[in-house]
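Asks: Here you go, sequence then predicted model.
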Amino acid sequence: MSYHDSYKMKLKPHHALCILLFSPEGHSEAYADAMRRKIQVLDENPQTAITLTAQLDEICGFCLYNNGGECEKAEETEPSDDRVLAWCGLEYGMTTPWSDLRERLDREILAKNRLHTACEGCMYVARCDREVKNKHCH
Ligand code: SF4
C-alpha cells in the first residue's frame, strides 16, 4: 500500500489506545492540546499511516514523565506496548492505516475486555474504561 498522499505518524503501540480513549481530565494543558491535535488529524484522515515504534514518540514530547528522552514509566509502558502489539498481531516497525489499527484495538482488546491487562500499572485505566463504556458498545 502506498501512503504517498497520506499523513504519517509514529506511535508507541499503547498510545493508540490513549488516543482512542482520550479524556483531558488530569492531563496538562500542553499534553491535552497535543492529543486533541492528533485525534483531529486521525478523525479527519483515517488512512493516516501509523508506524509502530518502541522509541518515545511525538506524544511523549508533551509528557511530564519524559525525562530528557527517557520514559520514567518505562517499566509499565514498555510491557503495555508489547501486549498491545502482540494482541493486535503487529510488530514494531510495521506501518498500517489508523483505520486498521483502530479496528484491531476494538476487536482484540476492547471487545475482549483486555484493557485493564493491556494498560496494567497506568493511573488512567479506570477512566479509560469509562470511555470504553461511553464510546463503544462492548
Ligand atoms: S509515560 Fe512514557 S510512554 Fe507515556 S507519554 Fe510519557 S514518556 Fe511517553
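Replies: Nice, I can see it. The shown structure was predicted, so the numbers you read here are calculated from the model rather than taken from an experiment. Numbering: from 1, shown residues only.

Asks: need the residues of this protein near the ligand, please.
Replies: Lys12, Leu56, Ile59, Cys60, Cys63, Tyr65, Asn66, Cys71, Lys73, Thr77 (Cβ under 6 Å from any ligand atom). Glycine gets a C-beta too; all of them are placed from N, C-alpha and C.

Asks: Now do the phi/psi pair for the second one.
Replies: With angles defined as degrees, to the nearest 10, Leu56 shows backbone torsions of phi -60, psi 140.

Asks: That one: neighbour count?
Replies: Neighbour count of Leu56, defined by other Cβ atoms under 10 Å: 18.

Asks: Would you mind measuring from it to Asn66?
Replies: 6 Å (Cβ to Cβ, to the nearest Å).

Asks: can you list the weak-confidence ranges in this structure?
Replies: Across the chain, the ranges flagged by pLDDT under 70 are 1-6, 136-138.

Asks: quick one, strands of it?
Replies: 8-11, 49-52, 66-67, 70-71, 95-97 (DSSP state E).

Asks: ok, and which of those has the densest surroundings?
Replies: strand 49-52 (a mean of 20; mean count of other Cβ atoms under 10 Å).

Asks: Run me through the strand neighbours of that one, direction for each.
Replies: Within its sheet, and counting by DSSP bridges, strand 49-52 is paired with strand 8-11 (parallel), strand 95-97 (antiparallel).

Asks: which one of those strands lies closest to Arg107?
Replies: strand 95-97 (13.7 Å; Cβ to Cβ).

Asks: can you tell me which residues contact Arg114?
Replies: By Cβ atoms under 8 Å, 6 or more residues apart in numbering, Arg114 lies in contact with Arg83, Trp87, Glu108.

Asks: out of the residues you listed, who's nearest the ligand?
Replies: Closest approach between the contacts of Arg114 and the ligand, by Cβ to the nearest ligand atom: Arg83, at 13.9 Å.

Asks: I'd guessed the closest one sits against His116; true?
Replies: No: if you go by Cβ atoms under 8 Å, Arg83 and His116 don't touch, sitting 11.1 Å apart.
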